[in-house]
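>>> What follows is a predicted protein model with its sequence.
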Amino acid sequence: MIIQWIVIAIFVFVGLLYIRLEHGMSKIKILIIIIVGFIFYFTIVNHFTSDQVDLTSPRGIVNGVYLYVGWVGSTASNLWNVGTDTVHSVGNAVKINNTGEDTEKN
């Protein structure tokens with residue numbers, strides 16, 4: 001538990017140091033960087049302390065890293081494609097006529 005507080009203190013220290021070095025950078029960017037750092041740290045801690053990951057052998061460590069990187073990639077892919085289904089639904093509902101012909105019959 002103490003190691004987690006040390007890591008949090010290091011994140012805060014690095015964030016404050018970064019603020020001092022970059023006066024032109026907005027505080028929102030700094031906050032986002034710190035939040036992303038916390039998210040990565042806590043997901044790594046949660047993943048590698050679970051019972052599913054075996055850290056007693058090199059093969060278990062490699063499998064754990066592979067599982068974590070796959071999870072991060074899958075999550076990033078899902079976040080990247082958030083609006084795809086909505087755009088496809090709207091596109092199918094509108095059905096634009098690009099042929100130039102008037103399909104309306106009197």
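All right, it came through fine.

>>> my read: residue 19 touches residue 29, true?
No - under the criterion of CB atoms under 8 Å, residue 19 makes no contact with residue 29, lying 9.9 Å away. Where you see a C-beta, it was placed from the backbone N, CA and C, and this is true even at glycine.

>>> Nearest residue to residue 11 in space, please, no chain neighbours.
residue 37 (5.3 Å; CB to CB, 6 or more residues apart in numbering).

>>> For residue 19 and residue 29, indicate the residue with more neighbours.
residue 19 (15 against 12; other CB atoms under 10 Å).

>>> now the helices: where do they sit in this structure?
Per DSSP state H, the chain carries helices over the ranges 2-21, 27-48, 58-80, 84-94.

>>> Export the ones you listed to TSV and append columns for mean pLDDT.
Shown next, in TSV, are the helices of the chain (pLDDT from 0 to 100):
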stretch	mean pLDDT
helix 2-21	76
helix 27-48	81
helix 58-80	84
helix 84-94	65
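
>>> The protein - how does it break down into domains?
1-49, 54-91 (automatic domain parsing).

>>> Please name the residues that touch residue 27.
residue 19 (CB atoms under 8 Å, 6 or more residues apart in numbering).

>>> so how far is residue 75 from it?
26 Å (CB to CB, to the nearest Å).

>>> What's the local residue count around residue 11?
16.

>>> Same question for residue 12.
Neighbours around residue 12, by other CB under 10 Å: 13.

>>> Excluding chain neighbours, what is closest to it?
residue 34 (7.6 Å).

>>> Equivalent analysis for residue 45, please.
Distances taken as CB to CB, 6+ apart put residue 4 closest to residue 45, at 6.8 Å, once the chain neighbours are dropped.

>>> can you check residue 60 too?
residue 54 (3.2 Å).

>>> which phi and psi does the one you found have?
With angles defined as degrees, to the nearest 10, residue 54 sits at phi -100, psi 110.

>>> residue contacts, it?
Contacts of residue 54 by CB under 8 Å, 6+ apart are 60, 63, 64.

>>> wait, doesn't the first one sit right on residue 53?
Yes - between residue 60 and residue 53 there is a contact under CB under 8 Å: 6.7 Å.
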